[in-house]
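Engineer: quick one: sequence and predicted model below, then my questions.
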Amino acid sequence: MHRCARLHSLEHRKVKEMVSSSVILALYTVLVIIITVPIMVALLMKVKGKVKLAPFLLGLVVYFTFGVVCVAFINILFVNEGRPTAALINGNIVVNSLYFAVVIGLLEELGVYIAFKKILVSYDEKSSAIMYSLGHAGLEAFLVSGPALFVYITCATALNELGVQGFKEQWADMQTVDIDKIADVLLSMKFTDVLLMCLERAIYFAMHIFLSIIVFYSVKRQTIQYFWIAVVLRGLGTIPGSIETFCNFPTGSAASWLLLLATIATCVLTGYIAVKLYKNYDTERVLLPSQLFKKNSTDMKMY
């Protein structure tokens, strides 16, 4: 009787010390979606809608230049250890959140503005804004989540094959990775956690599309106010993520859900503005910011 109970306990521990197959499958699925969806949608727009691929390719280049290289350069100047401002930015949640809101919001949307203002000068069709955003948002999603997903999948597979102890022994020489933490995260990860990760990526992906439309409208209708609106909205979109990273809230906690709701609210507001501008784009009047939340626009100007 006691021997059977002990064997059952050992078997239970063995099951608990494995990553669920549904979690691994979900991680694979999210990685495939991140890589394929932007490309497939862009190709569909090219074939069905006869939209040129140049904005898509430019979106890739511009995001990498402004969203990765330029942001990294600014961070080296202000955030890296040894800089006079590093302690303040890294040690204060308010300063940290505002810093990344300003830097990311300004640089990313400046890149979009320059793309439409200086390079895609003759691309006046509003579908070009969506084609561009697929490249911009697609690369952002891949660079932000792709490496982490790849590490999770690789480590989860190794955990299931080698066991916890064997996994830790094999990866013990990795100085840049906290193996114990990765093992704990994967063993405690649930299918719903992966769905939440996918939801967050989908929200940011949609937000980039909406922001590209707003900046596109700003350039083509010569209303600089919309560029600054896009900068503010992009900055607001970074704040929940900055707070979550700074405080390291557990996935699924009440605080993480509140931050997710804040991100959703920003995305909904951005989407409302973008959809209204997108629908208005083909008219002969410019929709002014003061008219965004009014049903009847009476003080619009001609372009």
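Structural biologist: Yep, it's here. Numbers count the residues shown, from 1 in each chain.

Engineer: mind listing what the residue positioned nearest the centre of the chain touches?
Structural biologist: With distances taken as C-alpha atoms, centre = their mean, the residue of the chain nearest its centroid is Tyr204 (4.3 Å). Counting by C-beta atoms under 8 Å, 6 or more residues apart in numbering, Tyr204 makes contact with 137, 140-141, 144, 237, 263, 267. Backbone N, C-alpha and C define where each C-beta goes, glycine included.

Engineer: for PyMOL, what selects the buried ones among those residues?
Structural biologist: Selection of the buried residues among the contacts of Tyr204 in PyMOL, burial being defined by 16 or more other C-beta atoms under 10 Å:
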select buried, resi 137+140+141+237+263+267
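
Engineer: can I get the contacts of Tyr204 in TSV with pLDDT and secondary structure?
Structural biologist: Below are those laid out as TSV (pLDDT from 0 to 100; DSSP: H, G, I helix; E, B strand; the rest coil):
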residue	pLDDT	secondary structure
Ala137	95	helix
Glu140	95	helix
Ala141	93	helix
Val144	91	helix
Gly237	95	helix
Thr263	94	helix
Cys267	96	helix
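
Engineer: mind putting the contacts of Tyr204 into CSV with distance to Ile273?
Structural biologist: Supplementary listing: the contacts of Tyr204 in CSV, determined by distance: C-beta to C-beta, whole Å:
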residue, distance to Ile273
Ala137, 17
Glu140, 20
Ala141, 22
Val144, 24
Gly237, 13
Thr263, 16
Cys267, 11
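
Engineer: tell me which two of the contacts of Tyr204 sit farthest apart.
Structural biologist: Largest separation among the contacts of Tyr204 by C-beta to C-beta: Val144 and Cys267, giving 15.7 Å.

Engineer: how about stretch 142-154: buried residues?
Structural biologist: Judged by neighbour count using 16+ other C-beta under 10 Å, the buried positions of stretch 142-154 are 142, 145, 149, 152-153.

Engineer: from memory Tyr63 sits against His136, does it?
Structural biologist: Yes: using C-beta atoms under 8 Å, Tyr63 makes contact with His136 at a distance of 4.5 Å.

Engineer: these two: which is more packed in?
Structural biologist: A count of neighbours by other C-beta atoms under 10 Å puts His136 above the other of Tyr63 and His136, at 31 against 25.

Engineer: just how off-centre is whichever strand or helix holds the more buried one within its chain?
Structural biologist: Applying DSSP states H and E as the criterion places His136 in helix 127-170. Per C-alpha atoms, centre = their mean, to the nearest Å, the displacement of helix 127-170 from the mean C-alpha position of its chain is 13 Å.

Engineer: report the separation between the nearest residue to Leu110 once chain neighbours are set aside and Leu199.
Structural biologist: Leaving out its chain neighbours, the residue that sits closest to Leu110 by C-beta to C-beta, 6 or more residues apart in numbering is Phe66, at 6.4 Å. Distance of Phe66 to Leu199, computed by C-beta to C-beta, to the nearest Å: 26 Å.
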